[in-house]
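> Just a sequence and a predicted model for now, questions to come.
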Protein chains: 2
Amino acid sequence: MSHLGYSCLMAIDRDHVLRSAAALLTRRSTATMDEVAKAAGISRATLHRHFAGRDALVRALEQLGIAECEGALDRARPEEGPAAEAVRRLVREIQPAAGLLSFLYGENQLWEGDGLNEGWQRLDARIGALFQRGQRAGEFRIDLSPVWLTEALYGLIASCAWATLDGRVASRDFPTMIAELLLGGALRREEP
Amino acid sequence: MSHLGYSCLMAIDRDHVLRSAAALLTRRSTATMDEVAKAAGISRATLHRHFAGRDALVRALEQLGIAECEGALDRARPEEGPAAEAVRRLVREIQPAAGLLSFLYGENQLWEGDGLNEGWQRLDARIGALFQRGQRAGEFRIDLSPVWLTEALYGLIASCAWATLDGRVASRDFPTMIAELLLGGALRREEP
DNA sequence: CCCAGATGAGACATTGACGTCTCATTCTGG
DNA sequence: CCAGAATGAGACGTCAATGTCTCATCTGGG
């Protein structure tokens, strides 16, 4: 029956190819299929055996990004403890996927059609619920909607990932910069 | 001598074409030269008489974006009064250019080469100076660098412009959402 | 050893966007 | 009204990326 599917060898390779592509496209989102193949250390023919075309590759990266986000969200335990601490945990857990996310964020092809992947909606709902929980608990202000806070979180992640690649922000500061700005803002807190 | 240049008529048209292109590319950043021409109500031939090619068009849009930002910065009087108020004025003044900026923000072609337009460096310096002024005055916290605050401002503008296009954020809330999040953060302030 | 599956290298056609060109038509200022 | 400038429509040619195909080679399990 093996003529119908792929051997187990291709499964592990596929993941490696996917991650190489993510790393490359994070830097140069317009990279050629040729460059993607080279970056993964395989030939263009083999790349096409894994992914039917560029579109399929981008869709697979989208799935990977969604899966990484959901994993990060799971590990962050968003229902547990103060909402602010949960946000800090989430940002910390999501950092490894930030590059991939910033690539996907700029891939308009994923957003303009009506075929919006429901994975993003699930994520939006879960992150929005976290912010809402913080509002209900009196931790977060209520004049910024959960939807906007979620959107702003994505935007800050993409910004910081890009600034990190350019060396304008140190990689080790990533979680602090995002979480502190998102939670506390630029204004200095009153002394207690 | 008119065979060497263009009549004054093309000058006003050029601006109209530029703004039509900005409006279209804000929505579909991969729009064709054909679509750009149609959106401006002119033929592709005429579009090429104004801009040598797609690259020239993008560069012209970059110049327009820089000019709009510098104008907004001038009108916001960043040296005047409390830094937080200056930031609020800046965000309000920059809103009309937000769509164009979010397009430019995603145009990697502008950033990856070493031919970075010095206009952006001027803007970075001016906005960074505003945040630094706030830090020196004790208004802003010092654990978030001016460079990062500037980057975050760009990111929030792009996020909010995009969310506005999709109807997830109301256009009239744009200045408040950005300025309040950037300045105050999501955490509820202590009652004084 | 042998063979099926996987790979690499490369040729090939296709496609979509781009840039250039021509020519008839329209507009405009004198 | 008229000459020159500007425009629209469209026909090309070009080019880079893509997707498909073939064939020689490699590899690992039986």
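Here it is on my side, so go on.

> and the next element down the chain from the lowest-mean-pLDDT helix or strand in chain A?
Least confident element among the helices and strands of chain A, by mean pLDDT, DSSP states H and E: helix A:8-27 (a mean of 86). Using DSSP states H and E, the helix or strand that directly follows helix A:8-27 along the chain is helix A:33-40.

> Measure how far that next one is from the centre of its chain, please.
22 Å (CA atoms, centre = their mean, to the nearest Å).

> do the same with stretch A:114-123
Centroid displacement of stretch A:114-123 relative to its chain, using CA atoms, centre = their mean, is 13 Å.

> for chain A, what are the low-confidence residue spans?
A:1-12, A:191-192 (pLDDT under 70).

> Wondering if the longest helix anywhere in it reaches DNA strand D at all.
Longest helix in chain A by number of residues, with DSSP state H as the criterion: helix A:54-76. Yes: using CB under 7 Å from any atom of the strand, helix A:54-76 reaches DNA strand D at A:R54, A:D55. Where C-beta positions appear, they are placed from N, C-alpha and C, glycine not excepted.

> In PDB, list the C-alpha atoms belonging to that helix.
Output of helix A:54-76 as PDB, limited to C-alpha atoms (Å, rounded to 0.1, in the frame of the first residue of the first chain):
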ATOM      1  CA  ARG A  54       4.000  27.700  -2.700                       C
ATOM      2  CA  ASP A  55       0.400  28.100  -1.500                       C
ATOM      3  CA  ALA A  56       0.400  24.700   0.100                       C
ATOM      4  CA  LEU A  57       3.700  25.600   1.900                       C
ATOM      5  CA  VAL A  58       2.300  28.800   3.200                       C
ATOM      6  CA  ARG A  59      -0.900  27.000   4.400                       C
ATOM      7  CA  ALA A  60       1.300  24.400   6.200                       C
ATOM      8  CA  LEU A  61       3.200  27.200   7.800                       C
ATOM      9  CA  GLU A  62      -0.100  28.800   8.900                       C
ATOM     10  CA  GLN A  63      -1.100  25.500  10.500                       C
ATOM     11  CA  LEU A  64       2.300  25.300  12.200                       C
ATOM     12  CA  GLY A  65       1.900  28.800  13.500                       C
ATOM     13  CA  ILE A  66      -1.600  28.100  14.800                       C
ATOM     14  CA  ALA A  67      -0.400  24.900  16.500                       C
ATOM     15  CA  GLU A  68       2.600  26.700  18.100                       C
ATOM     16  CA  CYS A  69       0.300  29.500  19.400                       C
ATOM     17  CA  GLU A  70      -2.100  27.000  20.800                       C
ATOM     18  CA  GLY A  71       0.700  25.100  22.500                       C
ATOM     19  CA  ALA A  72       2.000  28.300  24.000                       C
ATOM     20  CA  LEU A  73      -1.500  29.200  25.200                       C
ATOM     21  CA  ASP A  74      -1.900  25.800  26.800                       C
ATOM     22  CA  ARG A  75       1.500  26.100  28.500                       C
ATOM     23  CA  ALA A  76       0.700  29.600  29.700                       C
END
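
> A:F51 is in contact with A:L61, isn't it?
No: if you go by CB atoms under 8 Å, A:F51 and A:L61 don't touch, sitting 9.5 Å apart.

> show me the contacts for the residue nearest in space to the middle of chain A.
Nearest to the mean C-alpha position of chain A, by CA atoms, centre = their mean, lies A:L101 at 3.2 Å. A:L101 makes contact with A:G65, A:C69, A:I94, A:Y154, A:I157, A:A158, A:A161 under the criterion CB atoms under 8 Å, 6 or more residues apart in numbering or on different chains.

> Residue numbers of chain A in contact with DNA strand D?
Contact residues, chain A versus DNA strand D (CB under 7 Å from any atom of the strand): A:T32, A:M33, A:D34, A:R44, A:A45, A:H48, A:A52, A:G53, A:R54, A:D55.

> helices and strands around the helix or strand hosting A:R133, which ones?
Element membership for A:R133 (DSSP H and E) is helix A:118-136. The contact analysis (3 or more CB pairs under 8 Å, 6 or more residues apart in numbering or on different chains; DSSP states H and E) places helix A:118-136 against helix A:54-76, helix A:83-94, helix A:146-165.

> and A:E35, how far is that from A:L18?
15 Å (CB to CB, to the nearest Å).

> Look at these two and report which has more neighbours.
A:L18 (19 against 15; other CB atoms under 10 Å in any protein chain shown).

> Surely that one and A:R59 touch.
No: using CB under 8 Å, A:L18 makes no contact with A:R59, being 11.1 Å away.
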